[in-house]
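Asker: What shape does this take:
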Amino acid sequence: MKQIYNFSAGPAVLPKEVLIQAKDELLNYANSGMSVMEMSHRSKVYETILQEAKQDLRDIANIPDNYEILFIQGGASLQFSMVPMNLIKNGKADYFVTGQFAKKAYEEAKLFLDAKVVASSKEQNFTTIPDVANVEIREDADYVYICENNTIYGTKFKELPNTKDIPLVADVSSCFLSEPIDITKYGLLFAGAQKNIGPSGVCVVIIRKDLIREETFNPTPTMLKYKTYADHDSMYNTPPTYTIYMCGKVFKWIKEQGGLVALQKRNSDKAKLLYDAIEQSNLFKCPVDPNYRSIMNVPFVTGNEELDAKFIKEAKEAGLENIKGHRSVGGMRASIYNAMPLDGIQTLVAFMHDFEEREGKIHV
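Answerer: Okay, the predicted model is just below:
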């Protein structure tokens, strides 16, 4: 079988060890005679799967006891609505708009409350992160919202805004579990599974318990209330059982890798290798401000759309899959999540060098 390296932004590469375990357990999990995808979510066997997944996540991310872990369907995009619907109190929220998904979250919030853009990098084509030091936050805002890592544009908040006791809400979909995180700095954070957590189908929400309230936007449907998930251990209805099982496998894999400190070192080394190759190139450029570059999503371009297309085509032929940039920005993008091995980055860098040798003299 030809070696493939999958640089997709999501659904993304999963650890090979996890896939092998899932394959071995597919037809008969824990001698139950059933696949996880066909067993009752009310069974003792599945209850163990769910509770182990929650505890392993709590362990690796150092989640305090005063935070609830929820597994919610609808992906991260549903949280664009659930956040304002559940956290509304004074009817105001302040947003940092640093990319397409932050903009979508802001637009959705306006349906429920007075949402205000307090900082934006739109004028810089979202290639940087606004200075967070002196941003004026409304004292009566219900929460402050950021998208911490911008998957499309390859930017990352290196410092969190000072919200002065106002809950910070963060979409951490494409950086969660890539490095240690201080959960106590957030009121709520959420992550779509299909980046570093597992296959698509669930969103992990970590919320401080005092923010789980009965009083929400009126009316809020039962299935859009955090309290519903908290009160019923994310099983008010049938949860995405197999996706949660796979997430649990990934959490155990992270423990086996040495936890988030070890993964941060590995991820930083992978990112440095790729960024160094881009910086040393005369053909490729990274449009992102070096001070705010993501170690998970690395965009780069040649400056020539036809050449970009040729690179993408030939990269695919060489086994470098899903290297094409998001349709809204073009160019190339390498998403190098936890499960991407160092070999994948080395292979990409070698291909870039070879491509530049062949094309650089013609186009530079």
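
Asker: So what's the predicted local confidence for the residue nearest to L211 when sequence neighbours are not counted?
Answerer: In space, and not counting its chain neighbours, L211 is closest to G187: 5.5 Å by CB to CB, 6 or more residues apart in numbering. Bear in mind the C-beta positions are built from the backbone N, C-alpha and C, glycine included. Turning to G187, the model gives it a pLDDT of 98.

Asker: my guess is G187 contacts R208, does it?
Answerer: Yes. G187 is within contact range of R208, at 5.2 Å (criterion: CB atoms under 8 Å).

Asker: So for the two, which sits in the more crowded spot?
Answerer: G187 (23 against 17; other CB atoms under 10 Å).

Asker: From N90, how far out is the more buried one?
Answerer: From G187 across to N90, the span is 14 Å (CB to CB, to the nearest Å).

Asker: Which residues are in contact with E279?
Answerer: Contact analysis of E279 by CB atoms under 8 Å, 6 or more residues apart in numbering lists C286.

Asker: and the gap between the residue lying closest to V288 once chain neighbours are set aside and P341?
Answerer: Residue nearest to V288 in three dimensions, not counting chain neighbours: G154, with 4.8 Å by CB to CB, 6+ apart. In this structure, G154 and P341 are 20 Å apart, going by CB to CB.

Asker: neighbour-wise, which of the two wins?
Answerer: G154 (30 against 15).

Asker: Not counting residues beside it along the chain, what's closest to D114?
Answerer: K92 is the one closest to D114 (CB to CB, 6+ apart), at 4.7 Å.

Asker: give me the number of residues near the one you found?
Answerer: K92: 17 neighbours (other CB under 10 Å).

Asker: Could you double-check that it lies in contact with K110?
Answerer: No. With contact defined as CB under 8 Å, K92 does not reach K110; the gap is 11.4 Å.

Asker: got a pLDDT number for I49?
Answerer: 97.

Asker: got the contact list for it?
Answerer: 36, 241, 244-245, 248.

Asker: Please repeat the previous calculation with a cut-off of 7 Å.
Answerer: By CB atoms under 7 Å, 6 or more residues apart in numbering, the contact set of I49 is 36, 245, 248.

Asker: I'd like the distance between it and I60.
Answerer: I49 is 17 Å from I60, by CB to CB.

Asker: What of A271?
Answerer: Counting by CB to CB - A271 and I60 are separated by 21 Å.

Asker: same question, Y46
Answerer: Taken as CB to CB, the span from Y46 to I60 is 21 Å.

Asker: can you check E256 too?
Answerer: From E256 to I60 the distance is 11 Å (CB to CB).

Asker: okay, the two: which has more neighbours?
Answerer: Comparing E256 with I60 by neighbour count (other CB under 10 Å), the higher total belongs to I60, at 19 against 11.

Asker: could you say which helix or strand contains that one?
Answerer: helix 44-61 (DSSP states H and E).

Asker: Report the contact partners of the closest residue to P287 other than its chain neighbours.
Answerer: Closest residue to P287 apart from its sequence neighbours, by CB to CB, 6+ apart: T127 at 5.1 Å. Remark: with contacts taken as CB under 7 Å, 6+ apart, T127 is in contact with 153, 155, 287-289.

Asker: give me that answer again for 10 Å
Answerer: 98-99, 121, 150, 153-155, 286-289, 292-293, 299, 329 (CB atoms under 10 Å, 6 or more residues apart in numbering).

Asker: Out of these, which two sit at the greatest distance?
Answerer: T98 and C286 (16.8 Å; CB to CB).

Asker: returning to what we had before: are there residues contacting both of K92 and K110? Which ones?
Answerer: K116.

Asker: any chance you could map the strands in the stretch 101-250 of the chain?
Answerer: 114-120, 143-147, 149-150, 155-156, 168-171, 188-192, 203-208 (DSSP state E, counting those that start in this stretch).

Asker: Point out the other elements, helices or strands, that the first one touches.
Answerer: On a contact count with 3 or more CB pairs under 10 Å, 6 or more residues apart in numbering; DSSP states H and E, strand 114-120 meets strand 92-97, helix 100-109, strand 143-147.

Asker: ok, the shortest one: who's next to it in the sheet?
Answerer: To tie it back to what came earlier, the one meant is strand 143-147. strand 92-97 (parallel), strand 168-171 (parallel) (DSSP bridges).

Asker: Great, nothing more from me.
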